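Peer 1: Take a look and give me a structure for this.
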Amino acid sequence: MTHARVLRATVHGTTIELEQELGLPDGQQVTVTIQPVSEEERLAPGDGIRLSAGAWADDPEGLDEFLERNRQQRQMDRPEIEP
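Peer 2: As a prediction, the model looks like this:
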């Protein structure tokens with residue numbers, strides 16, 4: 001027996017549309033447990049990316065500076081590629 005997974009889906013009448021591919025063969029029988037997403041669990045548009053940004057959610061310029069410094073440091077540590 002394989003392990004159970006929790007997936008997000010949307011109900012359309014008698015069809016349940018999953019947000020990602022299952023990786024199971026067509027015709028495979030499965031057991032489905034339905035648990036509606038509560039209103040408290042739903043995020044407003046854009047909140048997911050803001051929540052995942054952590055401390056930089058309110059400082060996009062600071063994030064840009066950090067990423068640029070990282071890019072520059074990676075370039076300094078790379079050896080030259082000879083043709």
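Peer 1: How about residue 66: what's its closest non-neighbour residue?
Peer 2: residue 56 (7.7 Å; C-beta to C-beta, 6 or more residues apart in numbering). Heads up, the C-betas are built off the backbone N, CA and C, glycines and all.
Peer 1: Which secondary structure state does the residue nearest to residue 53 when sequence neighbours are not counted sit in?
Peer 2: Once flanking residues are discounted, residue 53 sits nearest to residue 63: 7.3 Å by C-beta to C-beta, 6+ apart. Put simply, residue 63 is helix when judged by DSSP: H, G, I helix; E, B strand; the rest coil.
Peer 1: Retrieve the pLDDT associated with residue 63.
Peer 2: If you check residue 63, the pLDDT there is 85.
Peer 1: now do residue 2
Peer 2: At residue 2, pLDDT is 61.
Peer 1: do residue 34 as well
Peer 2: On the pLDDT scale, residue 34 gets 83.
Peer 1: how many other residues sit next to it?
Peer 2: 7 (other C-beta atoms under 10 Å).
Peer 1: now it, what's its secondary structure?
Peer 2: Residue 34 - assigned by three-state DSSP - is coil.
Peer 1: Return the distance of residue 54 relative to residue 44.
Peer 2: When distance is defined by C-beta to C-beta, to the nearest Å, residue 54 is 18 Å away from residue 44.
Peer 1: So which elements touch the helix or strand bottoming out on mean pLDDT in the chain?
Peer 2: When each helix and strand of the chain is scored by mean pLDDT, DSSP states H and E, helix 47-52 comes last, with a mean of 77. Applying 3 or more C-beta pairs under 8 Å, 6 or more residues apart in numbering; DSSP states H and E, we find helix 47-52 packed against no helix or strand.
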